[in-house]
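Engineer: I need the structure of the sequence given here:
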Amino acid sequence: MRNVATSAAIGLLAIGVSTAQAPVGSYPIQSVPLTSVRITDAFWRPRIDVNRTVSIPHILKQNEITPRISNFLKAAKALPGAYQGQRYNDTDVYKVLEAASYSLATTPDPALAKQVDDIIAIVAAAQAPDGYLYNPRQVDPAHPALGAGADRWTWEFVSHETYDMGHMIEAAVAHYQATGRRNFLNIAIKSADLICKTFGPTGRKDAPGHEEIELALVKLFRVTGNRTYLDTAKFFLDQRGRPHTTPPPVFPAGDRFFAYNSLEYRQDNLPVTAQTRAVGHAVRATYLYSAMTDAAVLVGDQVMGKVVDALFADITSKRVYITGGLGSVGSTEAFGDDYSLPNLSAYTETCASIGGMLWYHRQFQRTGEGAALDMFERTLYNGYLSGVSIAGDTFFYQNPLESNGGNRSQRSAYFDVACCPANLARLMAQLPSLVYSQRGASELYVNLFVGSEATATLGSHTVRVTQTTNYPWSGDVAVTVAPDRPMPFTLSIRIPGWAQDQVVPSSLYLFAKPLQAAERPVAKINGREVPVDIVHGFLNLTQKWNPGDRVEISLPMRIRRVLATSAVVDDRGKAAIERGPLVYALESVDNGAATTTLTIPLDTPLAHSFRPDLLKGLEVITGKVGEQSIMAIPYFAWANRGRGEMRVWIPF
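Structural biologist: Numbers count the residues shown, from 1 in each chain. Below you'll find the model as predicted:
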């Protein structure tokens, strides 16, 4: 299978926006490409394999069982009947095609490749001659689906037309980069050309109700070189907070569309350069912030850069859960008031965690700050990974931090609104491209501690990197470098915030007891201890590297109790349990009724041990309170043994 990926990592991470007047720039830090990294890790390799062999096939099958594939056939007039399902369900097909494409890029699979091509042929048949591709209208144009609007684009504030086509474009770019074939890319180009012809300074002046097309158009620019796609992406950003061609109707208070379509809910209340407080639907917001970060870099917009920095500070200091989850208001899937972080009713949609991760990675690529990757890692191991079962075939849409054992304590095989499973699968399939980055020919970054083998191109030379670790169960990491000749460069290894007594990049959470001097990170080069001088979250090791040079990092992995600032009302008098990057939870299956009534004093002795028999292997935390034995498991693993009560924050 031919691979046409360039030095920019394929997929969600190497994208941007620009303007017709400004030169196209690039992120100063780039991912080592997906196809240049092989995961060997005992923690992540099995999960990537489950994603490929279980999750992706399961989602593909669910799209056949539910009306999602048949809607395309109806739009192509190959099946009779009305459109069924939500107006954004087309994206469930597109996102799993994207996930499958990333998987094919690293693991050839003829059967999966054929299945993907068969679906692409159905998508092509559904597309209108002018490029329009939106099943909720095309199945029966005289009777479009609820929320689609009577005519094309007129209800773009809620129709998800550009959202649907945006995910199609992203999938098509991924497929082209993975296979070199244009059968899907040509569909994407046709739709993108229609969008660019329809919207713009001389066309419709609307802002998409659900951000996504901005990201997709830039990806398409990067593989086609067509600058119009960049210009239109930037145009959509600039339309927010401004008058639109078709103003949304005024919904009366209490109307089912009212709460979901306010200007603030969809980040259309202010120009983007004035949006320094995170508001509205959390998924839409994180997609918007990703596009704004692209603009800050690729257009050189310093104002935009200051705004996304302010948003990062706002979220990490007032609106993020300890698991990395985003969005506390369930009724609107939205950010709440300052410090409003309830646990039982936490919405924390899996897609919002993913959106946050895409943004955090861009922030790192823009600034080089390890704090952005700290947020990425916290979300990856907790609020993201909790979204899929150990088996890989059931999913959480919401990820609360407390459960009374009701419906939200059981994952589902699929959903009526099924955005999360395929979104989760497409990110999992890209994990290899998240482990390493580089800054030009002079600096190689270790972003994540994942057992792996990688090849990076630094200038005219290559450097092979081998990383061995039992992370997240152990804090010991070894990185061996093998340049094709002895050469100088900087090897920058992230030292996580949690290893520096910082839970998140703010005072929103803090450790109950600080680390002692003997518990600080330790680093060695070829067995010789070196000072751990941390700059912007990284240990920067600059020297002439020889083949076989080995760096060893030891991170403190003591069990820690975490407190929230008193402004978080729901966490007052409570503490969470962490070890390394992992947040732990008490489940009733291990603790009985004590899950909801137990008090664990801050000085309670706690121990950890590995249980290979438990859910394919987990490091558990145990202790005793009075006569009651307790056991906590990693938060991501809860709800894998049936319904039950759970809590992260425990009274002390």
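Engineer: From here on, just use CA atoms for contacts and neighbour counts.
Structural biologist: Will do.
Engineer: helices and strands around the helix or strand residue 583 falls within, which ones?
Structural biologist: Assigned by DSSP states H and E, residue 583 belongs to strand 582-587. Packing contacts for strand 582-587, counted by 3 or more CA pairs under 8 Å, 6 or more residues apart in numbering; DSSP states H and E, involve strand 574-579, strand 628-634, strand 645-647.
Engineer: got the buried residues for the first one?
Structural biologist: Applying a neighbour-count criterion of 16 or more other CA atoms under 10 Å, the buried positions in strand 574-579 are 574, 575, 576, 577, 578, 579.
Engineer: Report pLDDT for residue 111.
Structural biologist: If you check residue 111, the pLDDT there is 97.
Engineer: Stretch 464-479: how far from the chain's middle?
Structural biologist: Stretch 464-479 has its C-alpha centroid displaced from the chain centroid by 23 Å (CA atoms, centre = their mean, to the nearest Å).
Engineer: Mind checking the pLDDT average for it?
Structural biologist: In the prediction, stretch 464-479 has an average pLDDT of 98.
Engineer: Only C-alpha atoms, please: export it in CSV.
Structural biologist: C-alpha atoms of stretch 464-479 as CSV (Å, rounded to 0.1, in the frame of the first residue of the first chain):
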residue,chain,number,x,y,z
ARG,A,464,16.1,6.1,15.3
VAL,A,465,14.5,6.3,18.7
THR,A,466,13.5,3.3,20.9
GLN,A,467,11.5,4.0,24.0
THR,A,468,11.0,1.3,26.7
THR,A,469,8.7,1.8,29.7
ASN,A,470,5.9,0.2,31.7
TYR,A,471,4.2,3.6,32.0
PRO,A,472,1.6,4.4,33.3
TRP,A,473,2.2,1.7,36.0
SER,A,474,5.8,2.7,36.4
GLY,A,475,7.7,6.0,36.2
ASP,A,476,10.8,4.5,34.7
VAL,A,477,11.5,5.4,31.1
ALA,A,478,14.5,4.6,28.8
VAL,A,479,15.1,6.4,25.5
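Engineer: Compare the helices and strands packed on strand 582-587 and give me the one nearest residue 107.
Structural biologist: Within the helices and strands packed on strand 582-587, the stretch nearest residue 107 is strand 628-634; the backing value is 29.4 Å (CA to CA).
Engineer: and that closest one, what does it pack onto?
Structural biologist: Using 3+ CA pairs under 8 Å, 6+ apart: strand 628-634 touches strand 582-587, helix 588-591, strand 618-625.
Engineer: Pick the most buried one from those.
Structural biologist: Each of the helices and strands packed on strand 628-634 was scored by mean neighbour count; the highest is strand 582-587, a mean of 27, by mean count of other CA atoms under 10 Å.
Engineer: Give the partner strands of it in its sheet and their orientations.
Structural biologist: strand 574-579 (antiparallel), strand 628-634 (antiparallel), strand 645-647 (antiparallel) (DSSP bridges).
Engineer: now it against strand 618-625, angle please.
Structural biologist: Comparing the axes of strand 582-587 and strand 618-625 via axes from the mean of the first three to the mean of the last three CA atoms, to 10 degrees yields an angle of 60 degrees.
Engineer: what about strand 582-587, average pLDDT?
Structural biologist: For strand 582-587, mean pLDDT is 98.
Engineer: just how off-centre is the lowest-mean-pLDDT helix or strand in the chain within its chain?
Structural biologist: Scoring the helices and strands of the chain by mean pLDDT, DSSP states H and E places helix 594-597 at the bottom, with a mean of 84. Its chain's C-alpha centre lies 32 Å from the corresponding centre of helix 594-597 when counted by CA atoms, centre = their mean.
Engineer: same question, stretch 596-613
Structural biologist: Distance of stretch 596-613 from the chain centroid (CA atoms, centre = their mean) equals 30 Å.
Engineer: With only the CA atoms kept, save it in PDB.
Structural biologist: The C-alpha coordinates for stretch 596-613 follow below in PDB (Å, rounded to 0.1, in the frame of the first residue of the first chain):
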ATOM      1  CA  THR A 596     -21.000   6.400  48.700                       C
ATOM      2  CA  THR A 597     -20.600   6.500  52.500                       C
ATOM      3  CA  LEU A 598     -16.900   6.000  53.000                       C
ATOM      4  CA  THR A 599     -14.600   8.600  54.400                       C
ATOM      5  CA  ILE A 600     -10.900   8.300  53.700                       C
ATOM      6  CA  PRO A 601      -8.700  10.600  55.900                       C
ATOM      7  CA  LEU A 602      -5.800  12.200  54.100                       C
ATOM      8  CA  ASP A 603      -3.200  10.400  56.200                       C
ATOM      9  CA  THR A 604      -4.700   6.900  55.500                       C
ATOM     10  CA  PRO A 605      -1.900   4.500  54.300                       C
ATOM     11  CA  LEU A 606      -2.500   3.400  50.800                       C
ATOM     12  CA  ALA A 607      -0.600   0.800  48.700                       C
ATOM     13  CA  HIS A 608      -0.500  -0.100  45.100                       C
ATOM     14  CA  SER A 609      -0.100  -3.500  43.400                       C
ATOM     15  CA  PHE A 610      -0.600  -4.900  39.900                       C
ATOM     16  CA  ARG A 611      -3.500  -7.200  39.300                       C
ATOM     17  CA  PRO A 612      -2.900  -9.100  36.000                       C
ATOM     18  CA  ASP A 613      -6.300 -10.900  36.500                       C
END
